[in-house]
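A.B. asks: Here's a sequence, model it:
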Amino acid sequence: MLLTGIKPAGVHFSVLNAIFNNTAVILPLPGVPQTGRSLTQTLQYVDADWAALAQSTLEAMSNDLPSLEAVASRLECLVFAGACLAKRYGDLIASKIKLMPSPRSPETGQLPTIYRHEHDFRYDWNYFQFHPAVGARFVPMSAGVYELVFNRTPATELYLPILANSYEFLAQDLYAKHPTIPDTWTHAPRVIPPIHGEKSEPIDFNRNVCSFSDTSATLEQVPGG
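C.D. replies: Residues are numbered from 1 along each chain as shown. A predicted model of the protein is given here:
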């Protein structure tokens with residue numbers, strides 16, 4: 001596994017995931033900006049099955065087709081964590097290589113996901129199912145989004161210390177349903193009211209910004225991330 005440019009999720013991928021799944025981790029040179037070209041150069045000297053990348057790296061890679069195709073020829077899949085990846089970038093990348101999100105929040109870290117055998121990674125690359133052991137529950141909010149909630153149960157209280165003094169934890173992370181497949185979700189950014197108090201819907205806002213042809217990349221700031 002090649003890990004590049006993911007700071008908060010680095011602990012999960014380089015330590016927890018490496019130990020639990022007996023995964024060998026390949027770290028890039030520190031201080032070198034991670035791009036599709038630098039990833040391609042790294043893969044000329046090491047063998048890896050998949051890479052965990054930051055959203056910004058994937059967005060830049062979508063504008064560098066030769067590097068994207070070179071990476072796709074050397075890796076089985078790409079995983080991204082943290083901020084949401086705009087659909088137009090993800091669609092292009094998923095047409096070349098298997099692309100998978102790794103959902104997380106500052107309070108929980110990475111959350112385990114599962115996929116149906118018939119899951120279409122080409123068109124539904126941004127959708128996933130939470131592992132049942134997580135005990136995830138979704139509370140309807142506005143504009144078709146749901147807030148992730150964890151209930152305190154005997155099975156989860158040993159692993160979720162955030163539930164020590166309460167029976168539920170509101171993660172403040174928003175998700176949207178798949179239009180046709182049950183229990184399948186995609187991550188949406190948190191709603192952070194600006195100083196003037198107006199709230200914008202994150203899914204629509206991200207989609208509108210990325211619809212402009214002059215927009216080459218977007219950056220989402222997540223509190224505590």
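A.B. asks: rest of the way, CA atoms for contacts and neighbours
C.D. replies: OK.
A.B. asks: how many neighbours does H117 have?
C.D. replies: Residues lying near H117 (other C-alpha atoms under 10 Å) number 6.
A.B. asks: Could you measure from it over to P154?
C.D. replies: Here H117 is placed at a distance of 30 Å from P154 (C-alpha to C-alpha, to the nearest Å).
A.B. asks: which residues in the protein form strands?
C.D. replies: Using DSSP state E, the strands of the chain run over 2-3, 50-53, 77-81, 98-102, 104-105, 109-110, 113-114, 129-130, 136-140, 145-151, 168-177, 185-188.
A.B. asks: Figure out which of those is closest to L16.
C.D. replies: strand 109-110 (9.9 Å; C-alpha to C-alpha).
A.B. asks: now stretch 69-87, how far from the centre of its chain.
C.D. replies: Relative to the centre of its chain, stretch 69-87 is centred 10 Å away, using C-alpha atoms, centre = their mean, to the nearest Å.
A.B. asks: Buried ones in it, by neighbour count?
C.D. replies: For stretch 69-87, the neighbour count (16 or more other C-alpha atoms under 10 Å) marks 69-72, 74-75, 77-86 as buried.
A.B. asks: And stretch 137-149, by the same measure?
C.D. replies: The neighbour-count check on stretch 137-149 (16+ other C-alpha under 10 Å) flags F138, V145, Y146, E147, L148, V149 as buried.
A.B. asks: Next one, pLDDT for the first one please.
C.D. replies: Think F138. For F138, the pLDDT comes out at 92.
A.B. asks: what pairs with it across the strands?
C.D. replies: Under DSSP bridges, the beta-bridge partners of F138 are L148.
A.B. asks: Tell me which residues touch it, please.
C.D. replies: Counting by C-alpha atoms under 8 Å, 6 or more residues apart in numbering, F138 touches Y146, E147, L148, V149.
A.B. asks: Check the third one too.
C.D. replies: For Y146, the contacting residues are F138, V139, P140, L174, Y175, A176, by C-alpha under 8 Å, 6+ apart.
A.B. asks: low-scoring pLDDT stretches of this protein, where are they?
C.D. replies: 1-10, 82-83, 106-108, 156-166, 189-225 (pLDDT under 70).
A.B. asks: let's go with 50 and repeat that
C.D. replies: Where the chain drops to pLDDT under 50, the residues are 195-201, 203, 221-225.
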